[in-house]
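# have a look at this prediction, sequence included:
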Amino acid sequence: QGPVCTNLGLKPGQRLTVKGKIAPNAKSFVMNLGKDATLLGLHFNPRFDAHGDVNTIVCNSKKVEEWGAEHRETVFPFQKGGTAEITFGVNQNDVTVHLPGHQFTFPNRLGLSVFDYFDTHGDFTLQSLSWE
């Protein structure tokens, strides 16, 4: 488990940029954005080789103990032992995920008006977190 941020106050029109290092033997890592640990508007899970997925980004949402439908992205710009920079843009109805050379949106299924919570865990070391 990496750092946990609360009271972020991210509103539509704002962005959160995460930079860090991926472990050389990485299997997967996770970044969660939401209201708190029980209400996750975006569960972002790049999988090098985990849960039957290879080089796939799996996204989901979680309401208390209930997960939504998984969304898979096959564009996979991450490398084991490399660095990663990911920007999450908060919009009214979705979150735009900006990756190197690719972006996609994930719906704001929980209808969150503000994203206060961020955490990261897995084979990723957080180096910096910035928001605007």
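Received, thanks. Not measured: the values here are computed from a predicted model.

# any chance you could map the helices in this protein?
When assigned using DSSP state H, the chain turns out to have no helices.

# now Leu126: how far from Val64?
Note on Leu126: its distance to Val64, by CB to CB, to the nearest Å, is 26 Å. Any C-beta I mention is one placed from the backbone N, CA and C, and that applies to glycine too.

# flag the shaky bits of the chain, pLDDT-wise.
Along the chain, no part satisfies pLDDT under 70.

# ok now stretch 96-103, how far from the chain's centre?
Distance of stretch 96-103 from its chain centroid, counting by CA atoms, centre = their mean, to the nearest Å, is 11 Å.

# span of that stretch from start to end?
From its first residue to its last, stretch 96-103 covers 7 Å (CA to CA, to the nearest Å).

# show me what counts as buried in that stretch.
Using 16 or more other CB atoms under 10 Å as the test for burial, stretch 96-103 gives 97, 99.

# name the surrounding residues that touch that stretch.
For stretch 96-103, the external contacting residues (CB atoms under 8 Å, 6 or more residues apart in numbering) are 42, 44, 59, 73, 75, 77, 85-89, 104-106.

# same thing but at 7 Å, please
Contact with stretch 96-103 is made by 44, 75, 77, 85-89, 104-106, as judged by CB atoms under 7 Å, 6 or more residues apart in numbering.

# quick revisit: Leu126 and Val64 - which one has more neighbours?
A side-by-side neighbour count of Leu126 and Val64, using other CB atoms under 10 Å, places Leu126 first with 18 against 7.

# what bridges to that one?
In this entry, Leu126 is beta-bridged to Gly20, by DSSP bridges.

# you'd agree Gly9 is up against Phe118?
No - between Gly9 and Phe118 there is no contact under CB atoms under 7 Å: 11.2 Å.

# more crowded one of those two?
Phe118 (23 against 10).

# OK, contacts around the more buried one?
So Phe118 contacts 5, 8, 16, 32-33 (CB under 7 Å, 6+ apart).

# now do Leu126
Counted by CB under 7 Å, 6+ apart, Leu126 has contacts 2-3, 18, 20, 120.
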